[in-house]
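> Show me the folded form of this:
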Amino acid sequence: MGNTDVRVRGLAARAGGWSARHRWAAVGIWVLFVVLAMGLGSAAGRVDVDESDQLKGETHTAAKIIEDAGIEQPAGETVLIQSRDGALRATSGEFRSAVDDVIEAVGGTGKVTHVTSPYDTRTISRDGRTALVQFDMRGDAETAADRVEPVLDAVAGVQQGHDGLRIEEIGGASMNKQYKDAFGDDFRKAEYSAVPVALGILLIAFGALVAALLPVALAVTAIMATMGLMGIVSHVQPMSDTANSVMLLVGMAVGVDYCLFYLRREREERDAGRDAGAALRIAAATSGRAIIVSGVTVCVAMAGMLFTGLAEFEAMGLASLMVVAVAMVGSVTVLPALLSLLGERVEKGRIPFLGRRRRRGGGSESRFWTAVLRGVLARPLVSVVVAAGALLAVAAPALGMKTQQLTLDQEFGDSLPIVQTYDRLNEAFPGGSEPAQVVVGAKDIGAPEVQRALADFKQRAISSGASRGPVDIKVYPAQNVALVSVPLVGGSDMDRAVESLGTLRDEVRPATLGKVEGVQAPITGQVAGNHDFNDQLLGSVVPVFAFVVVFAFLLMLLSFRSLTVAITSIVLNLLSVGAAYGILVAVFQHGWGASLVGAEGVGAIVTWLPLFLFVILFGLSMDYHVFVVSRIREARLRGRGTRDAIQHGVVTTAGVVTSAAVIMVAVFAIFGTLSMQSMKQMGVGLAAAVLIDATVIRGVLLPAVMALLGERNWYLPKWLHRLPDLTHDEAPEQAAAPVPARGEGERLTV
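Numbers count the residues shown, from 1 in each chain. Model prediction:
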């Protein structure tokens, strides 16, 4: 191809060419899209995941019975009254006086209803040293945390008059308030600090303020547009706050990455002597295409969450998919327009020292990775054995992974006062803080056979050893529904509590309520919900893994027309995910180095994290893989030998991959500093995986494996030659001629 005939083909190149020629139109369309998405999303409002849709099975059935009956369950609160030294008993005068004071104080706030005395409900511990005053918050249960403060103050006031007793409040409303107070600012700081952290790293990478601002601006506008789209889409697929946080995390990561890939390639071509127009076209045809391949692969990975059947996962998957798609489209459309508009002004705001360092570098190749690659390519077999062996050793602890929904003390440790109240309550009343709830629906709840079955269930729940009581039955005659609260033996010991739940479901219920025709009796509650969530999540692992791996394989096969590249891509990505799992288990389950991240005593991995990490990491790691392999293939098609092409591809992409990885690791590590163990596990897992992926996988294993394979890297069986050709025409080695004026013929091929 001649120097004056720069052929571009493919969607990315065509989009970039159109945007560069219609700069203001492209920018205007993008701004209009963001504004419209935000405006329409705000007008539509966001529909959040309903409790009854969170899970399938018994938990879902129970929630639907309550919802269909129109029963509004208030937020229940409990005041624990306990002798500090064990000397005072519930029968003593001072203890009774404290109980009366609590009842009077909370009732006097006007915020509560149905206040009960432990002497009436028999909620007194076996040793007689602990008693519970129980009541309900008035109004909507979901907003009770906003109204509970006067009640907490009233209880604190009673405590001041009884030094020999602990008088502490616990319940859904009080716990939610403490969470918001303790961690609301924590989350906001994490989300807000992500932008300045990314900007600081980009300033170091580019050495110029304008160039550093472009990726952040693209990521932020993509996130803003997606927030609006989430409001619209939520009327079909409900969203959640968790989905919003994940969307912010993924949006910042991929938005910055995609822009970084594009911008660095355009800059590299200009440094090589090409004029601005030719550099932009080459960046569009190469990095633009890599962005589309990577973006589609990430979207496919995120779509895997839709196969879980879990409303929360479906919301996270759809939100992540949308922000990746928006960032991808923005990268190949508005970014070329902005670069065309800015021209040399993209170097404005140059940081003097960094600018001088870049000019002295004289090119885009990394000296460090050049040295590393020289050793790797000299002994590729040794490099594969050492690197793969090290990663397999790191991944080994994952074979003993234990997953569970974290209990309150596992999630927060001693960082919240209410955790100590929770532990004291569970010790005095095992299972009392998280009882199972049997939702009994019948044609006539007052029928004699139903009443006998309820009484029999209550008796057998205790005699079976599943509960030590008290079992409370609340009947709603008008709705023909009864709610049975059963404290489970095991309390905060989740394994024992699940055993107690199994006894209720498999033995007690069939022998009592199960014998009455027409009666539904699903068992729900915190323990049941966690157990059902675990079961449903485990059941979705195989289809999600299969979907993500198969579609990623097909995309790589079509994008590089190489069976070998497709297979090695999958294997290397699985290896990096396995290593991340191993680090998580070692730190959070076995406690190796846990003190370094503040994770002592957790002992398990939160249930949802392994599948979530697999989907996110498998998608994000494709960013680097596609980018690096594209440069290797490009160099090979220019006539370089295989090993020379590998070295050229790795060292010329090392700078951008390192910058992108540092940004991702820094953003994810912010979440690793949060106090909630589930968020800490997510942040550490993501940061560790990205670091491994950008260094060991892309810098050592990938080039070593490709060097061993040689020309077999590009093997495609003849029977697969009919596959669609999604590759792109590579940029010419020599400098391109000046860009033609707007309107001149630039040949496009499809």
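> Sticking with the residue sitting nearest the centre point of the chain, tell me its helix or strand.
Geometric centre of the chain, nearest residue: Val246, 4.7 Å, by C-alpha atoms, centre = their mean. For Val246, the host element (DSSP states H and E) is helix 241-271.
> again, but for Ile462
Using DSSP H and E, the element containing Ile462 is helix 448-463.
> Residues contacting that helix, please?
438, 440, 442, 444, 467-469, 471, 473, 482, 484, 486, 504, 508-509, 511-513, 515-516, 519 (C-beta atoms under 8 Å, 6 or more residues apart in numbering). (Glycine included, C-beta is placed from N, CA and C.)
> Please enumerate the strands of the stretch 101-250 of the chain.
112-116, 130-137, 165-171 (DSSP state E, counting those that start in this stretch).
> thinking again about what came up before, in strands, which of the contacts of helix 448-463 appear?
Val438, Val440, Ile473, Ala482, Val484, Val486 (DSSP state E).
> Of these - the most surrounded one?
Val438 (30 neighbours; other C-beta atoms under 10 Å).
> hang on, the earlier thing: pLDDT on the helix holding Val246, on average?
Mean pLDDT, helix 241-271: 83.
> Use 44 as the first number for this chain going forward.
Okay, residue one is now 44; in that scheme the one you just asked about reads as helix 284-314.
> If you count contacts, what does that helix end up packed against?
Applying 3 or more C-beta pairs under 8 Å, 6 or more residues apart in numbering; DSSP states H and E, we find helix 284-314 packed against helix 215-249, helix 252-276, helix 319-328, helix 330-346, helix 354-385, helix 652-680, helix 685-715.
> how far off helix 652-680 does the third one point, in degrees?
Between helix 319-328 and helix 652-680, the angle formed by their directions is 130 degrees, by axes from the mean of the first three to the mean of the last three C-alpha atoms, to 10 degrees.
> now do the fifth one
Between helix 354-385 and helix 652-680, the angle comes out at 30 degrees (the same axes, to 10 degrees).
> Which other helices and strands does helix 354-385 contact?
Using 3+ C-beta pairs under 8 Å, 6+ apart as the test, helix 354-385 ends up in contact with helix 54-64, helix 66-87, helix 252-276, helix 284-314, helix 319-328, helix 330-346, helix 652-680.
> picking up where we left off before, residues contacting the residue nearest to the centre of the chain?
Contacts of Val289 by C-beta under 8 Å, 6+ apart are Met359, Ala362, Ser363.
> Relative to Gly129, which of these is nearest.
Met359 (47.4 Å; C-beta to C-beta).
> how close does that closest one sit to Ala430?
32 Å (C-beta to C-beta, to the nearest Å).
> what do you get for Gln202?
Distance from Gln202 to Ala430, by C-beta to C-beta: 59 Å.
> thinking again about what came up before, tell me which of the helices and strands packed on helix 354-385 lies nearest to Leu424.
helix 652-680 (19.1 Å).
> and the helix holding Val289 with helix 54-64, angle?
70 degrees.
> So Pro530 sits against Ala509, correct?
No - using C-beta atoms under 8 Å, Pro530 makes no contact with Ala509, being 9.5 Å away.
> pLDDT at the residue of the chain most remote from its centre, what is it?
Relative to the centre of the chain, the most outlying C-alpha is that of Gly136, 52.7 Å out, by C-alpha atoms, centre = their mean. Gly136 carries a pLDDT value of 89.
> And it, its phi and psi?
Main-chain torsions, Gly136, degrees, to the nearest 10: phi -60, psi -40.
> which residues sit in contact with it?
With C-beta under 8 Å, 6+ apart, Gly136 has no contacts at all.
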